[in-house]
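[1] Sequence first, then the predicted structure:
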2 protein chains.
Amino acid sequence: MQPVRLSEVDPETLKRIKQRAAGEFGKVSEQARAIMQEVRERGDAALRDFTARFDGVQLESLEVSREEIEQGLREASPELVEAFKFAIDNIRKFHRTHVTAEEEHVETVPGVEVWRVWRSIERVGLYVPGGRAPLPSSLLMTAIPAEIAGCDEIIVCTPPNKEGKIHYSILAAVAVLNLPNLRLFKVGGAHAIAAMAYGTESIPKTYKIFGAGNPYVTAAKVLAFSEGMVSIDMPAGPSEVLIIADASANPAYVAADFLSQAEHADDSSAVLLTTSPKLAIAVAAEVRRQLPLLSTADRASNSLEQYGMIGIVETIEQAIEFANDYAPEHLEVCTENVDEVLPKLRNAGTIFVGNFTPEPSGDYVSGLNHVLPTGANTKMFGPLSVESFGKKMQMQRMTAEGLANLRKAAEVMAAAEGLPAHGRAINIRFEDEQH
Amino acid sequence: MQPVRLSEVDPETLKRIKQRAAGEFGKVSEQARAIMQEVRERGDAALRDFTARFDGVQLESLEVSREEIEQGLREASPELVEAFKFAIDNIRKFHRTHVTAEEEHVETVPGVEVWRVWRSIERVGLYVPGGRAPLPSSLLMTAIPAEIAGCDEIIVCTPPNKEGKIHYSILAAVAVLNLPNLRLFKVGGAHAIAAMAYGTESIPKTYKIFGAGNPYVTAAKVLAFSEGMVSIDMPAGPSEVLIIADASANPAYVAADFLSQAEHADDSSAVLLTTSPKLAIAVAAEVRRQLPLLSTADRASNSLEQYGMIGIVETIEQAIEFANDYAPEHLEVCTENVDEVLPKLRNAGTIFVGNFTPEPSGDYVSGLNHVLPTGANTKMFGPLSVESFGKKMQMQRMTAEGLANLRKAAEVMAAAEGLPAHGRAINIRFEDEQH
């Protein structure tokens, strides 16, 4: 991987880098749709068939038993259990600050009082990647905000392995979390999303589905959303990082962070933009040195070849402009004048500030949520949060005087929109006075 | 319309009432998809063709000129202009309370600081129904939160009439709002949504699309969302009200409110639940009396026939249970013990409290937003708000000590997930110490 001047990158390469693997899930939409249709029609029977086909196992019960969860906890090392406890504490600590109590009551007009109240979503569905790449951290990142939001029921789906088992690390995470209203099911892929969107005999219908997965999972989530009966957190795709660094950054650190993103999958993205040609060259050398040390070197070099770039810019402003357009999931800022840079950054999932804040520290234990928009979707979506697991209701209370105060304006606007009964519903409350 | 005991309603009718016209937009998905594809490929040329076909006019310019907007303002009555000013003031007053400044910084672990910052969405698209049923209030309800959020560019699409003109009431609303960063285009339907999702020569691509429209508009919005490059506010459908009333309510008022919802369209819904058989009978009589007085009587009686109900319940608890499952857009509570009822209500867009708070008062001028989820979607979506026009970014800043404090847990979890470079990005920052 050679450093390049950003201004000299050919337009086609730049387009590929900026587009990255976003929206690739569209290619499997039709397969996902067919799978979902079967689940809608045949329920659990379809889930068993797809699990046999895709995961290679014929399941008896779809729900994970209490005994299985306890067995998983016994298989986990004490260090892992401690790590989960530490992560859970920090995630709870940060996410608790999101909760909004009842809001300010506003008297917009004398006698007219309006405000909003918070309500959690009653039943939510969480998807946790499993199988060959179990991600217990994804369980923590989705279940903890659901817990703090106060959701009544938390349905979790994750695919089993060929023995019909869930990876002990996910089971241990469930055990340590210890939420009485969480139920875990051995179902993955588009069929798991269909089950949570429509409901089956075993799996209750949920109202909003959370968590990232493979392209089938993402395709199924957006299809379920498009039918209008379930919401989703966001259409998340392959992971990505953009690093903005100047001469003050440490090339070995930057290279390690760069690679930690690239190792996720063949379609991950990692981009470095720096004002220092010297740093660019040093980071490239460090990437060459560190890459072979990784068991995930193949994935990392594949993704860097397609979607990686070490770019040299003239000014930090240019890097900021690129970042706001690239709109990365993860953004590291390793520059001297951090406090001048941060206010200008507009689109990112999480911003990691300074030389001692590597991106992976936010993936697990710092307390931040790691479910973030990708593929430039940070232009319009935020990170997963407690707010994602509830919604506001508007409230309005008026006195007769309040209604009198807004009567005229409401009637005029109702008439302009050709809705006479709208005006009449207000009018009629003053007719008595005329008797 | 005869009152019925809720417990005696046959299951099929109950299912139709509860389902109402939700999700009907799915039936026009394929047509919407074809229209969108053409706009994506042919841009403005496709927009002109569809406008000729659907609106019956061949347009020169797609953008509404400053002169046209001023002409609209001249055509509006002084009363309407005053009503707009009054509404705008109140909507601004309420929506300003939504804005969240920078949040609390949390030190989850010594040396680990995490927080969130707010950023508005740079370019948003608003859809305003026009043509035969122009809804200037929808412009106010979408543009004002975009203004308060601080969106840089506000793109508005609304269909023209056969003369190629926008209704003066919408033009006047734009003029009174007077937002320098708002641009208005003469395009409606699925092609307008496609233009805002993909961008054309005239209409810039937006990142999130807001506002309700006909089924083609809704179908196009969810299709655009499902492609992963644009967000939407919510999949909104036909309007609806649920009224909970006891013997203390006024039957003439309740009937007027009931009809004000039913008049919206042939597929609107209006349901009354009351513990008082006497009130039920009186409301039914009032509906019969008031209905013929409306110029919209046909629409109102059509919708009541399909999706209307005056239901008698044994207890207020039964009404609350029904309401939380029905999850209405608008919910009126006209009971004596309001303060006992409100905390138990979970799923509604706006709740109107008491006998002097008719639903239409919240449609226009009380300050509340009237863009609300429908079709039971209040189970998972909230009303449109300033928050809908922005998103948070997570921030993390650590000292070397902070990183040391979470090092162990992060490394253990990275190893459990098979991501060595994740652990290494943390490790490497401590290697220097060992030299």
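    Happy to help now that I have it. Numbers count the residues shown, from 1 in each chain, chains lettered A, B, ... in the order given.
[2] now do the same end-to-end measure for stretch A:93-109.
    39 Å (Cα to Cα, to the nearest Å).
[3] That one vs chain B: in contact?
    Yes - Stretch A:93-109 reaches chain B (Cβ under 8 Å from any Cβ of the partner chain) through A:93, A:94, A:97, A:98, A:103, A:104, A:106, A:108, A:109. C-beta: built from backbone N, CA, C; applies to glycine.
[4] Excluding sequence neighbours, find me the nearest residue to the residue nearest the centre of chain A.
    Nearest to the mean C-alpha position of chain A, by Cα atoms, centre = their mean, lies residue A:371 at 3.2 Å. Leaving aside its chain neighbours, residue A:371 sits nearest to residue A:384 (3.7 Å; criterion: Cβ to Cβ, 6 or more residues apart in numbering or on different chains).
[5] SS state for that neighbour?
    Under DSSP: H, G, I helix; E, B strand; the rest coil, the three-state class of residue A:384 is coil.
[6] Distance of the residue nearest to the centre of chain A relative to residue A:30?
    Distance of residue A:371 to residue A:30, given as Cβ to Cβ, to the nearest Å: 26 Å.
[7] Flag every residue of the stretch 151-300 of chain A that's near chain B.
    Proximity of the stretch 151-300 of chain A to chain B, by Cβ under 8 Å from any Cβ, involves residues A:169, A:207-208, A:218, A:222-223, A:225-231, A:235, A:237, A:252-253, A:256-257, A:259-260, A:262-264, A:290, A:293-296, A:300.
[8] Show me just the buried residues among those residues.
    Neighbour-count burial (16 or more other Cβ atoms under 10 Å in any protein chain shown) applied to these gives A:169, A:207-208, A:218, A:222-223, A:225-231, A:235, A:237, A:252-253, A:256-257, A:259-260, A:262-264, A:290, A:294, A:296, A:300.
[9] rewinding a little: now, which of the residues of the stretch 151-300 of chain A next to chain B lie within strands?
    A:208, A:231 (DSSP state E).
[10] how many neighbours does residue A:84 have?
    By the criterion of other Cβ atoms under 10 Å in any protein chain shown, residue A:84 has 29 neighbours.
[11] Doesn't it lie inside a helix?
    Yes - if the criterion is three-state DSSP, then residue A:84 is within a helix.
[12] Could you list which residues are in contact with it?
    A:136, A:140, A:172, A:173, A:176, A:177, B:413 (Cβ atoms under 8 Å, 6 or more residues apart in numbering or on different chains).
[13] Show me which pair in those residues is furthest apart.
    Across these, the longest distance by Cβ to Cβ is 14.1 Å; it joins A:177 and B:413.
[14] higher neighbour count, these two?
    residue B:413 (28 against 18).
[15] My guess is that one contacts residue A:137. True?
    Yes - contact criterion Cβ atoms under 8 Å: residue B:413 and residue A:137 qualify, at 5.9 Å.
[16] Quick check: neighbours shared by these two?
    Shared contacts of residue B:413 and residue A:137 (Cβ under 8 Å, 6+ apart): A:87, A:364.
[17] picking that back up, mind listing what the residue nearest to residue A:371 touches?
    With Cβ under 8 Å, 6+ apart, residue A:384 has these contacts: A:141, A:142, A:145, A:210, A:233, A:234, A:369, A:371, A:372.
[18] can you list those residues in CSV and add secondary structure, distance to residue B:275 and pLDDT?
    Listed next are the contacts of residue A:384 as CSV, based on DSSP: H, G, I helix; E, B strand; the rest coil; distance: Cβ to Cβ, whole Å; pLDDT from 0 to 100:
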residue, secondary structure, distance to residue B:275, pLDDT
A:141, helix, 45, 97
A:142, helix, 41, 98
A:145, helix, 38, 98
A:210, strand, 39, 98
A:233, coil, 39, 96
A:234, coil, 43, 91
A:369, coil, 44, 97
A:371, coil, 44, 96
A:372, coil, 48, 96
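[19] Of those residues, select the buried ones using a PyMOL command.
    To isolate the buried members of the contacts of residue A:384 in PyMOL, using 16+ other Cβ under 10 Å:
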select buried, chain A and resi 141+142+145+210+233+234+369+371+372
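[20] before we move on, the earlier item: which of the residues of stretch A:93-109 next to chain B tops the neighbour count?
    residue A:94 (27 neighbours).
[21] Check the offset of the strand or helix carrying that one from the chain's centre.
    Take DSSP states H and E as the rule and residue A:94 turns out to sit in helix A:78-95. From the chain centre to the centre of helix A:78-95 is a distance of 19 Å (Cα atoms, centre = their mean, to the nearest Å).
[22] same question, stretch A:240-248
    The chain centroid and the centroid of stretch A:240-248 are separated by 23 Å under Cα atoms, centre = their mean.
[23] any idea how chain A splits into domains?
    A:4-22+A:237-367, A:25-232 (automatic domain parsing).
[24] Nearest to residue B:47, out of the ones you listed?
    domain A:25-232 (23.0 Å).
[25] got the end-to-end distance for the closest one?
    Taking Cα to Cα, domain A:25-232 runs 15 Å from one end to the other.
[26] Kindly report the same for stretch A:338-346.
    14 Å.
[27] does chain B sit close to it?
    Yes - with Cβ under 8 Å from any Cβ as the measure, stretch A:338-346 is seen reaching chain B through A:342, A:345, A:346.
[28] Report the buried residues of that stretch.
    The neighbour-count check on stretch A:338-346 (16+ other Cβ under 10 Å) flags A:341, A:342, A:345, A:346 as buried.
[29] Same question for stretch A:140-156.
    Those would be A:140-151, A:153-156, for stretch A:140-156 by 16+ other Cβ under 10 Å.
[30] try stretch A:86-96
    A:86, A:87, A:88, A:90, A:91, A:92, A:94, A:95.
[31] Could you do stretch A:411-419 as well?
    A:411, A:412, A:413, A:414, A:415, A:416, A:417, A:419.
[32] Any idea how far it is from the middle of the chain?
    For stretch A:411-419 - counting by Cα atoms, centre = their mean - the centre lies 42 Å from the chain centre.
[33] do stretch A:333-344 as well
    25 Å.
[34] quick one: low-confidence ranges for the stretch 1-150 of chain A?
    Within the stretch 1-150 of chain A, the stretches with pLDDT under 70 are A:101.
[35] which residues in the stretch 1-150 of chain A form helices?
    Applying DSSP state H, counting those that start in this stretch to the stretch 1-150 of chain A gives helices spanning A:11-19, A:29-42, A:44-55, A:66-75, A:78-95, A:136-149.
[36] Tell me which of these sits most buried.
    For these, the largest average neighbour count (mean count of other Cβ atoms under 10 Å in any protein chain shown) is found in helix A:136-149, namely a mean of 26.
[37] and it with helix A:66-75, angle?
    For helix A:136-149 against helix A:66-75, the angle by axes from the mean of the first three to the mean of the last three Cα atoms, to 10 degrees is 120 degrees.
[38] Helix A:136-149 to helix A:78-95, inter-axis angle?
    Using the same axes, to 10 degrees, helix A:136-149 lies at 40 degrees relative to helix A:78-95.
[39] So which elements touch helix A:136-149?
    Packed against helix A:136-149 by the contact rule (3 or more Cβ pairs under 8 Å, 6 or more residues apart in numbering or on different chains; DSSP states H and E) you find helix A:78-95, strand A:123-127, strand A:153-157, helix A:168-177, helix B:400-416.
[40] And the contacts of the fourth one?
    Spelled out, that is helix A:168-177. Here helix A:168-177 makes contact (Cβ under 8 Å, 6+ apart) with A:64, A:68-73, A:75-76, A:80-81, A:84-85, A:88, A:128, A:130, A:134-137, A:139-140, A:143-144, A:147, A:156, A:158, A:182, A:184, B:416-417.
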